[in-house]
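**Student:** Sequence first, then the predicted structure:
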Amino acid sequence: MDVSVSVNDAGKAIAEMLSEYKQDVTRMLKKEVKKVAKEAAAELRETSPKDTGEYAADWRSRVAYESDMDIRMTVHNKGHYQLTHLLEFGHVIKNGTGRTYGSVPASPHIQKAEQKAEEKLVGRVKVGLR
């Protein structure tokens, strides 16, 4: 009978340790995701096309969703969100009659920042899990 009690106690102790580990990993992941999103917004402020500088200055990161086990961050351009696609991929310029009279070349900056952020996050998670 003593053996079954000690096995139950060991099972409870292992379950408690795993639960604490899960909470520690979740905390670490959330912290790193927030940091990387903030850094991606800062990078976009530096690398975005600058005409007046307003577009580049408006990059922000925010928590889109957070629960006990999950977090989703959004990096967005707060004031000039309409320009993100146009600047990232380029566009043609038309006048009021629909005639094309020029084009604006693509200036890819969002995809580069996204890839960099992904690589940073993967690296930091690997280090954090060690």
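**Tutor:** Looks like it came in fine. Numbering: from 1, shown residues only.
**Student:** C-alpha from now on. contacts and neighbour counts both.
**Tutor:** Will do.
**Student:** Tell me the spacing between the closest residue to R124 other than its chain neighbours and K50.
**Tutor:** Once flanking residues are discounted, R124 sits nearest to E32: 7.1 Å by C-alpha to C-alpha, 6 or more residues apart in numbering. From E32 over to K50 the distance is 29 Å, taken as C-alpha to C-alpha, to the nearest Å.
**Student:** give the contact list for L121.
**Tutor:** L121 makes contacts with 32-33, 36, as judged by C-alpha atoms under 8 Å, 6 or more residues apart in numbering.
**Student:** Does anything pack onto the longest helix belonging to the chain? Which helices or strands?
**Tutor:** Taking DSSP state H as the criterion, the chain has its longest helix at helix 2-47. With contacts defined as 3 or more C-alpha pairs under 8 Å, 6 or more residues apart in numbering; DSSP states H and E, helix 2-47 has these neighbours: helix 54-57, strand 59-66, strand 71-77, helix 110-129.
**Student:** Report the angle between it and strand 59-66.
**Tutor:** On the basis of axes from the mean of the first three to the mean of the last three C-alpha atoms, to 10 degrees, helix 2-47 is oriented at 150 degrees to strand 59-66.
**Student:** Mean confidence (pLDDT) on helix 2-47, please.
**Tutor:** Mean pLDDT, helix 2-47: 89.
**Student:** could you check the angle strand 71-77 makes with that helix?
**Tutor:** Angle of helix 2-47 versus strand 71-77, following the same axes, to 10 degrees, is 0 degrees.
**Student:** before we move on, the earlier item: which of the helices and strands packed on helix 2-47 sits closest to E20?
**Tutor:** Smallest distance to E20 across these (C-alpha to C-alpha): 13.8 Å, for helix 110-129.
**Student:** The closest one versus helix 2-47: what angle between them?
**Tutor:** 150 degrees.
**Student:** Tell me which residue is most central in the chain.
**Tutor:** Central residue of the chain (C-alpha atoms, centre = their mean): A37, 4.1 Å from the mean position.
**Student:** Next, count neighbours for the closest residue to it other than its chain neighbours.
**Tutor:** Nearest non-adjacent residue to A37, counting by C-alpha to C-alpha, 6+ apart: S61, 5.9 Å away. Counted with other C-alpha atoms under 10 Å, residues neighbouring S61 total 20.
**Student:** I appreciate the help and will end here.
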